[in-house]
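[1] Have a look at this prediction, sequence included:
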Amino acid sequence: MPRVVHFEIYTENPEVVRPFYEDVFGWKFQKFGGPLDYWLITTGDDKQPGINGGLAQPREGQSPGTLNTIGVSSLDQSVKKIEQAGGRICVPRMAIPEVGWLAYAEDPAGNVFGIIEPDTNAK
C-alpha cells in the first residue's frame, strides 16, 4: 500500500523557518546540492517511525504550506488512477536525479500532493 514517504515545507523565508524547527524539534537541515535552494530535513533516527522532508521557497504560483509525497511503485499507473478517480496532474513527471520520478497532483477537492517512484537511475 502506498504511504507518505516525504514532506515539504514551503516558505518565503527559509532562513527564519529553519531555526524554528531546529530549536523546537531538534530537526537537522542539510543544503541539497541542486539548482534550487532546498534543504533536506532529518526529523529523527531512521530506526524510529516517521519520515524526513525538505524545506524550500514556493515555486511560481504556489502558496506557502506543507505538501506530502506518496511513494508509489509505478508513477505512470498512479497518474492514470488519479485521473480516472477525478483528480488531475498539476506538475507532470520529472526526474529527481538519483532519487526517482516525481509528479504533483490534485485530488477532487484541490488538495495538492506529490507522487514519487524511486529510481536511482533517474536523470
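    Nice, thanks for sending it over. Quantities reported herein were computed from a predicted structural model and do not represent experimental measurements. Numbers count the residues shown, from 1 in each chain.

[2] residues contacting N68?
    By Cβ atoms under 8 Å, 6 or more residues apart in numbering, the contact list for N68 reads V4, H6, F7, F113, G114. For glycine as for every other residue, the C-beta is placed from the backbone atoms N, C-alpha and C.

[3] Doesn't it lie inside a helix?
    No. Counting by DSSP: H, G, I helix; E, B strand; the rest coil, N68 falls outside a helix, being strand.

[4] gap between it and G54?
    Taking Cβ to Cβ, to the nearest Å as the measure, N68 falls 11 Å from G54.

[5] Weed out the non-buried ones from the contacts of N68.
    Buried positions within those, assessed by neighbour count (16 or more other Cβ atoms under 10 Å), are H6, F7, F113, G114.

[6] Can you flag which of those residues belong to strands?
    Mapping the buried ones among the contacts of N68 onto strands (DSSP state E) picks out H6, F7, F113, G114.

[7] can you pull the contacts of the second one?
    This points to F7. By Cβ under 8 Å, 6+ apart, the neighbours of F7 are I51, G53, G54, T66, L67, N68, T69.

[8] ok, 10 Å please
    I41, T43, I51, N52, G53, G54, L55, T66, L67, N68, T69, G114 (Cβ atoms under 10 Å, 6 or more residues apart in numbering).

[9] secondary structure class for the residue nearest to it when sequence neighbours are not counted?
    Ranked by Cβ to Cβ, 6 or more residues apart in numbering and with sequence neighbours excluded, the top spatial neighbour of F7 is G53, at 3.9 Å. Three-state call for G53 (three-state DSSP): strand.

[10] Surely G53 touches W39?
    Yes. Applying Cβ atoms under 10 Å, one finds G53 in contact with W39, separated by 9.3 Å.

[11] the more surrounded of these two?
    Between G53 and W39, counted using other Cβ atoms under 10 Å, the more crowded position is G53 (21 against 18).
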